[in-house]
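> task: produce atomic coordinates for the following.
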Amino acid sequence: MNRCAWVKEGMETYHDKEWGVPVHSDQLHFELLVLEGMQAGLSWELILKKRAAFQKVFHDFDPSKVAQMTDKELERALHNPNIIRNRKKLFAASHNAKCFLKIQKEFGTFDTYVWPFVGGKPHINHWEKAEEVPCLSPISMKLAADLKKRGMIFVGPKIIYSYMQAAGLVSDHTTDCFAAQPSEM
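Purely as a prediction, here's the structure:
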């Protein structure tokens, strides 16, 4: 079975069942935003290995609970060897949870807020080689700017493009990958 070239051993299930699959759960949107922020400067493989520990630290990525995390809780998390112990990234998760809740309040759900950025349906690309896949797009720049305007941090256009790929807003499976979607007729 052919997969995208970036898939390493141990990442098959994530690639096959999650990456590029449209997300409509606000909790999963929040999880992916936090994890993509944690990944900045690191590898997604490392983040996937630490995902279960992050779920524990961040209350299964319940944005309401993460927004209520105290500085003491976040400081304690800095001593957890099973997660990325970057103070700015850890505190950003709690900060962004508060912003996420404001977006939910304004739009009803985060899902309702985010999908219009891609016209309400996944943007399907048809890259032949992994080297063709961009690290950002005009849409990720627009979404990142809007999230920053709403107060979020660690949401630059590259982080947001990775989030868009993970959340299925964009499908960047290469054409030789079994998960690639056919061209629309």
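> after the helix ranked longest in the chain, heading C-terminal, what element do we hit next?
Ordering each helix of the chain by length in residues (DSSP state H) puts helix 87-107 first. Following helix 87-107 in sequence order, the next helix or strand is helix 110-114 (DSSP states H and E).
> quickly run through the sheet partners of the next helix or strand after that next one, with directions.
Note on helix 110-114: by DSSP H and E, the next helix or strand toward the C-terminus is strand 123-124. Sheet pairing here is set by DSSP bridges, and for strand 123-124 it gives strand 170-171 (parallel).
> sorry, back to before: quick one: distance of the longest helix of the chain to the chain centre.
On the basis of CA atoms, centre = their mean, to the nearest Å, helix 87-107 sits 13 Å off its chain's mean C-alpha point.
> what does it contact?
By CB atoms under 8 Å, 6 or more residues apart in numbering, the list of residues contacting helix 87-107 from outside reads 26, 30, 33-34, 37-38, 40, 58, 63-64, 66-67, 69, 71, 74, 77-78, 83-84, 110, 113, 147, 150-155. C-beta here means a position set from N, CA and C on the backbone, and glycine is covered the same way.
> counting only helices, which of those make the cut?
26, 30, 33-34, 37-38, 63-64, 66-67, 71, 74, 77, 110, 113, 147.
> check which helices and strands the helix or strand hosting residue 50 sits against.
Remark: residue 50 resides in helix 44-57, with elements defined by DSSP H and E. Using 3 or more CB pairs under 8 Å, 6 or more residues apart in numbering; DSSP states H and E as the contact test, the elements touching helix 44-57 are helix 26-39.
> buried sites along the helix it packs on?
26, 28-39 (16 or more other CB atoms under 10 Å).
> tilt between that helix and helix 44-57?
Calculated by axes from the mean of the first three to the mean of the last three CA atoms, to 10 degrees, helix 26-39 forms an angle of 130 degrees with helix 44-57.
> contacts made by helix 26-39 with the rest, please.
Identification of contacts with helix 26-39 by CB under 8 Å, 6+ apart yields 23, 46-47, 50-51, 54-55, 58, 60-63, 66, 83-84, 86, 89, 92-93, 96-97, 100, 104, 109-111, 114, 154-155, 159-160, 162-163, 166-167.
> where in the chain is pLDDT low?
For the chain, the stretches flagged by pLDDT under 70 are 183-185.
> again, 80 this time
For the chain, the stretches with pLDDT under 80 are 182-185.
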